[in-house]
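1. Sharing a model prediction with you, sequence too.
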Amino acid sequence: MVDDDRASVAPATFAGGALDHYRHVCAFVNGQDVDECVLDAFVRQGVEQGDRLLYLVDPALAAAPVNRLRHLGFDAAALLEEHRCDVRTWTDTYLRSGRFDQARMLDLLDRMLVAQPSPRIRMVADMGWAVGRDDAADHLIEFEARANFIHARHEHVVICSYDTSRFDGTFILDILRTHPLVYLGGMLQENPFFVDPSQFLAERAESGIGAG
């Protein structure tokens, strides 16, 4: 269970929508990052509310979040020193040992989020590491479903960014079913296609689709 004193914290907002009951967002973009104005507002609100920023990014773009904070007028060096901003690369997270291991990543997610109830964390994960890794697709779909069990145990915010121009339609539909909130076309909405993770995983097991 989350700490009772977190109830007094104002809900985070993303693209104009409140992240209160659900805080696991699938952000679908097409050939670009999440709209800068949307992400900037989300980040600015986080800094002003005393939240911690956590980025999971391409190693080649590790400096981008820090540079963006500077662009927004924040003292990025101070935020890093105070551990209010943390940038981790795909090789530190999803691709440790050079491959995706959903059990290890779920354990890491638990330690990054559940084990650190305060301050609230705003995590932005670029899921581009999975492009071209067909062997990881089923594992990632199941990971996103199982991650909901972890997200039910904390009050942090998790934004998973998927570039729809780089994944096939079947994969995107399955990913959509694992997120209770979806950002699409500049709007955040409760996802009508979301399936309870227990049901989703059971359906995959029954159909023989499971990652094994």
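-> Right, received. Where do you want to start?

2. E190 is in contact with L184, isn't it?
-> No - using Cβ atoms under 8 Å, E190 is not in contact with L184; the gap is 11.9 Å. All C-beta atoms are positioned from the backbone trio N, CA, C, and that covers glycine.

3. Compare these two (neighbour count), which wins?
-> Using other Cβ atoms under 10 Å, the more surrounded residue of E190 and L184 is L184, with 16 against 11.

4. ok, the more buried one - contacts?
-> Residues counted as contacts of L184 (Cβ atoms under 8 Å, 6 or more residues apart in numbering) are F28.

5. ok, so what distance separates it from W90?
-> Taking Cβ to Cβ, to the nearest Å as the measure, L184 falls 24 Å from W90.

6. again, but for D163
-> D163 is 14 Å from W90, by Cβ to Cβ.

7. These two - which one has more neighbours?
-> More crowded of D163 and W90, by other Cβ under 10 Å: W90, with 21 against 18.

8. quick one: the more buried one from G185, how far?
-> 27 Å.

9. got it, and F14?
-> 14 Å.

10. Comparing these two, which residue is more hemmed in?
-> More crowded of F14 and G185, by other Cβ under 10 Å: F14, with 23 against 9.

11. Now the more buried one, what are its backbone angles?
-> With angles defined as degrees, to the nearest 10, F14 sits at phi -140, psi 120.
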